[in-house]
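Q: Sequence first, predicted coordinates after that:
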Amino acid sequence: AGSRLNATARAVQFAGVGIADIAALSVSDIRAWVETLGVVGRMSQRESDIARDLIPEIKSRLEFLEEVGLGYLTLDRGAPTLSGGEAQRIRLAAQLGSNLQGVCYVLDEPTIGLHARDNQILLNALKTLSDKGNTLVVVEHDEDTIRHADHIIDIGPSAGKRGGRLVAEGSVTDIEQAPESQTGRYLLHAMKHPLQPRRPVAAQTDPALGWLGVQGATLHNLQHVTVELPLKRLVAVTGVSGSGKSTLARDVLLANVQAVVTQRATKAGRDALAAGEAIGWTGCEGVSGFETIDRVLEVDQTPIGKTPRSCPATYIGFWDTIRKLFAETLEARARGYAAGRFSFNTGEGRCPGCEGQGVRTIEMSFLPDVKVLCETCHGARFN
């Protein structure tokens, strides 16, 4: 019945309760149940002796989960169904619960995508970690985090080759007083965006604007959500971490609209839609207003490169144009070179020494691998 345990494990009970029943409870409810175990008479002397050291440990772990605002999660929740913010805070609770000292934690943008309420919870948890005698190095753009830091290191002044220098370090005041620091300028005067007036969102009857509707979404924790999204407008979905934003936007809206747009691209699919065949919607009762949409794209944090040889020119597709240009030169045509000859991904164009990588990786026993510039092509990647 979804508990993932065999009959023998399910049959074992402690204080009258099986492990599957406990895992199905929320963190707050289990904590209340653990409190009742201490009541005299609930456990035999032998059980009390065994549980003596375990119960305080269990209590403290549950307290840490509540501390990072996750008291509502059930313990058997599948990891893939957790939101990004929830997964991040569970990892943080595990570190809080480890009670280690003298550890250096390096966090890269931990507040990314968190709601302002969850931000505060995260900052409190980080403070608890540093109060225990640990060092926290946080890479962050968030103003609250910067203001909470005991010591700030500002690197800049700009990006790429114009960056890489230490602009200022010290307290918030030191950063604000550094003339070159862009961070200091933003801390001093909150940057005023050139605000544009809100674009009018016409009534749903306006055929020019168009609306995309989701009816009765029930995936994960969504409770029959019905929403209308105006097309040709910027629409923001907001709320605290774990409230169902990504479920609505990605798992319901993106998945369904992408499926129906892909179906419409084939003749068989178009005929089926024209014949009024029922569409198998996932996670909701239906989606309306998708007829005017030709293409659906998702932009997320997955790495864009398919191969380690990819570079920005590959992503935006102008390597193809450059290759064609080279293939059309007189010399190339005389030698019979096609566009593929000018690629560091294929065998005929790439350097044989490094296989188009530009560097060679030398494996060292007991040490990290060392990358050295290819001595055949000196980093040019072509033969």
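A: Looks like it arrived, so ask away.

Q: Give the buried residues for the lowest-mean-pLDDT helix or strand in the chain.
A: For the chain, the helix or strand with the lowest mean confidence is helix 312-315, at a mean of 82 (criterion: mean pLDDT, DSSP states H and E). Along helix 312-315, these residues count as buried under the neighbour rule (16 or more other C-beta atoms under 10 Å): T314. Any C-beta I mention is one placed from the backbone N, CA and C, and that applies to glycine too.

Q: Pull the helix or strand following it out as PDB, backbone CA atoms only.
A: On the C-terminal side of helix 312-315, the nearest following helix or strand under DSSP states H and E is helix 318-327. Taking only C-alpha atoms (Å, rounded to 0.1, in the frame of the first residue of the first chain), the coordinates of helix 318-327 have been written out as PDB:
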ATOM      1  CA  PHE A 318      27.000  30.900 -35.000                       C
ATOM      2  CA  TRP A 319      29.700  28.200 -35.300                       C
ATOM      3  CA  ASP A 320      27.500  26.800 -38.100                       C
ATOM      4  CA  THR A 321      27.600  30.000 -40.100                       C
ATOM      5  CA  ILE A 322      31.400  30.300 -39.600                       C
ATOM      6  CA  ARG A 323      31.900  26.700 -40.700                       C
ATOM      7  CA  LYS A 324      29.800  27.300 -43.900                       C
ATOM      8  CA  LEU A 325      31.900  30.400 -44.600                       C
ATOM      9  CA  PHE A 326      35.200  28.500 -44.400                       C
ATOM     10  CA  ALA A 327      33.800  25.600 -46.500                       C
END
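
Q: buried stuff in helix 318-327?
A: Buried residues in helix 318-327, defined by neighbour count with 16+ other C-beta under 10 Å: 319, 323, 327.

Q: Do me a favour and average the pLDDT over the helix or strand harbouring T262.
A: Assigned by DSSP H and E, T262 belongs to helix 255-264. For helix 255-264, the per-residue pLDDT values average out at 93.

Q: cool, and stretch 184-202?
A: Averaged over stretch 184-202, pLDDT sits at 83.

Q: Just list the residues touching the residue nearest in space to the middle of the chain, thanks.
A: Centroid-nearest residue in the chain: G84, 5.3 Å away (criterion: C-alpha atoms, centre = their mean). Residues in contact with G84, defined by C-beta atoms under 8 Å, 6 or more residues apart in numbering, are 113, 241, 246.

Q: Need the three-state assignment for the residue in the chain sticking out farthest from the centre.
A: Seen from the C-alpha centroid of the chain, the residue lying at the greatest distance (C-alpha atoms, centre = their mean) is A334, 50.9 Å away. Recorded secondary structure, A334: helix (DSSP: H, G, I helix; E, B strand; the rest coil).

Q: Likewise for V167?
A: Classification of V167 using three-state DSSP returns strand.

Q: does it really touch S158, like I thought?
A: No. Taking C-beta atoms under 8 Å as the definition, V167 is not a contact partner of S158, at 9.8 Å.

Q: more neighbours, these two?
A: Under the neighbour definition other C-beta atoms under 10 Å, V167 and S158 were set side by side, and V167 has more, 19 against 12.

Q: What pLDDT is listed against the more buried one?
A: The predicted local distance difference test score for V167 is 95.

Q: gap between it and D108?
A: For V167, the distance to D108 equals 20 Å [C-beta to C-beta, to the nearest Å].

Q: Also T145?
A: As judged by C-beta to C-beta, T145 and D108 stand 12 Å apart.

Q: which of the two has more neighbours?
A: T145 (20 against 9).

Q: in the helix or strand containing the more buried one, what counts as buried?
A: With the criterion set as DSSP H and E, the secondary-structure element containing T145 is helix 143-148. Within helix 143-148, the residues that qualify as buried are 145-146, 148, counting by 16+ other C-beta under 10 Å.

Q: Give me the contact list for that helix.
A: Here helix 143-148 makes contact (C-beta under 8 Å, 6+ apart) with 111, 119-120, 123, 126-127, 138, 140, 152, 172, 175, 183, 186-187.

Q: Just the buried residues of these.
A: Looking at the contacts of helix 143-148 with 16+ other C-beta under 10 Å, the buried ones turn out to be 111, 119, 123, 126, 138, 140, 152, 172, 175, 183, 187.

Q: Just those: which are in helices?
A: With DSSP state H as the criterion, helices contain 119, 123, 126, 172, 175, 183, 187 from among the buried ones among the contacts of helix 143-148.

Q: Leaving out sequence neighbours, find the closest residue to the fifth one.
A: Setting aside the residues directly before and after it, I175 is nearest to G184 in space (C-beta to C-beta, 6 or more residues apart in numbering), at 4.4 Å.

Q: so how far is T173 from that neighbour?
A: Using C-beta to C-beta, one gets 9 Å for the distance from G184 to T173.

Q: got it, and T128?
A: T128 sits at a distance of 26 Å from T173 (criterion: C-beta to C-beta).

Q: higher neighbour count, these two?
A: Just comparing T128 and T173: by other C-beta under 10 Å the higher neighbour count belongs to T128, 16 against 9.

Q: Any stretches of this protein with poor pLDDT?
A: Residues of the chain meeting the criterion pLDDT under 70: 40, 204-208.

Q: try 80
A: Across the chain, residues meeting the criterion (pLDDT under 80) sit at 15, 38-43, 96, 113, 190-195, 202-209, 301-309.

Q: Do you have the strands of the chain handy? List them.
A: 13-14, 17-18, 104-108, 135-139, 152-156, 165-170, 211-217, 225-230, 286-288, 359-362, 370-373 (DSSP state E).

Q: Of those, which stretch is the most buried?
A: Among those, judged by mean count of other C-beta atoms under 10 Å, the one packed with the most neighbours on average is strand 211-217 (a mean of 19).

Q: what's that one packed up against?
A: Judged by 3 or more C-beta pairs under 8 Å, 6 or more residues apart in numbering; DSSP states H and E, strand 211-217 is in contact with strand 225-230, strand 286-288.

Q: Mind putting those strands into a markdown table with distance to R42?
A: Below are the helices and strands packed on strand 211-217 laid out as a markdown table (distance: least, C-beta to C-beta, whole Å):
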| stretch | distance to R42 |
| --- | --- |
| strand 225-230 | 42 |
| strand 286-288 | 51 |
